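Colleague: Build me a structure from this.
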Amino acid sequence: MLQVRSLQEENADIVGWLEIENTNINYPVLQGTDNSYYMTHNYKKEKSKNGSIFLNADYDWNIPSNNLLIYGHNLGNGMMFQELLKYEKKSYYQEHPIIRFTTADEDAEYEIISVFKSRVYYKSEKNVFRYYFFINSESEEEYNAFVKNAKNASLYSIDATASYGDQLITLSTCSYHVEDGRFAVVGRKK
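Modeller: Below you'll find the model as predicted:
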């Protein structure tokens, strides 16, 4: 938490620190006023092709919203969220079942409940799981539908699940299994 506070003195857009133990995923998390700036800038606000790990701009810390939707590039050099794709194997999940997210106020652990492949859907497509729109549910029904869809989409069965009221975290990166592919890992706050 002290680390986050000291980084915030350097850049107030730093909202936390994300870590998955024994992986390369160990980065500050930023939140800009849009979802494009930190795709091309590092945490020092310098131009960078690697970008940053960043929280969806629509997340509202005042509510707080149900789901920390965090993005990062899938870089071939193993940086940013490239290692998320290793979760395709259940054995990797079993070795790395916890996501740690630290803010200036809290050090929290999230137990992974789902790992899935997806894609960005066209507006005309109906009845599809647009996980990338879920930040805050309007109702218990909407929250439960998100959890159900995430569990159904999971590449393998995971016993852990979430109940309405549980804080969620979703890590999302590009995947090249289809055009506009995405890979996501969803966790529930312990």
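Colleague: Pull up the distance across stretch 159-168, start to finish.
Modeller: 16 Å (Cα to Cα, to the nearest Å).
Colleague: and Asn74, what is it in contact with?
Modeller: 80-82, 84-85, 173-175, 183 (Cβ atoms under 8 Å, 6 or more residues apart in numbering). Just so you know, the C-beta spots here come from the backbone N, C-alpha and C atoms, and that holds for glycine as well.
Colleague: Tell me which two of these sit farthest apart.
Modeller: Met80 and Ser175 (13.3 Å; Cβ to Cβ).
Colleague: which stretches of this structure form strands?
Modeller: 14-19, 26-30, 53-55, 67-71, 98-102, 107-119, 168-175, 181-189 (DSSP state E).
Colleague: Tell me, how many residues neighbour Arg5?
Modeller: When counting by other Cβ atoms under 10 Å, one arrives at 12 neighbours for Arg5.
Colleague: ok, residues contacting the helix or strand of the chain with the lowest mean pLDDT?
Modeller: Least confident helix or strand, the chain: helix 2-10 with a mean of 84, by mean pLDDT, DSSP states H and E. Around helix 2-10, the neighbours that count as contacts under Cβ under 8 Å, 6+ apart are 14, 16-17, 28, 43-44, 102-104.
Colleague: Quick check: of these, which lies closest to Lys117?
Modeller: Nearest member of the contacts of helix 2-10 to Lys117, counting by Cβ to Cβ, is Gly16, at 25.9 Å.
Colleague: Next, work out how far apart the residue lying farthest from the centre of the chain and Ile112 are.
Modeller: The centre of the chain is farthest from one residue, Ser124, which by Cα atoms, centre = their mean lies 25.6 Å away. For Ser124, the distance to Ile112 equals 32 Å [Cβ to Cβ, to the nearest Å].
Colleague: Span of stretch 34-50 from start to end?
Modeller: The first-to-last residue distance of stretch 34-50 comes to 17 Å (Cα to Cα).
Colleague: For that stretch, buried residues please.
Modeller: Neighbour-count burial for stretch 34-50, with 16 or more other Cβ atoms under 10 Å as criterion, is recorded at 35, 37-39, 41-43.
Colleague: now do stretch 55-71
Modeller: Buried residues in stretch 55-71 (16+ other Cβ under 10 Å): 55-56, 59, 65-71.
Colleague: Most widely separated two among those residues?
Modeller: Across the buried residues of stretch 55-71 (Cβ to Cβ), the longest gap, 17.0 Å, separates Asn66 and Tyr71.
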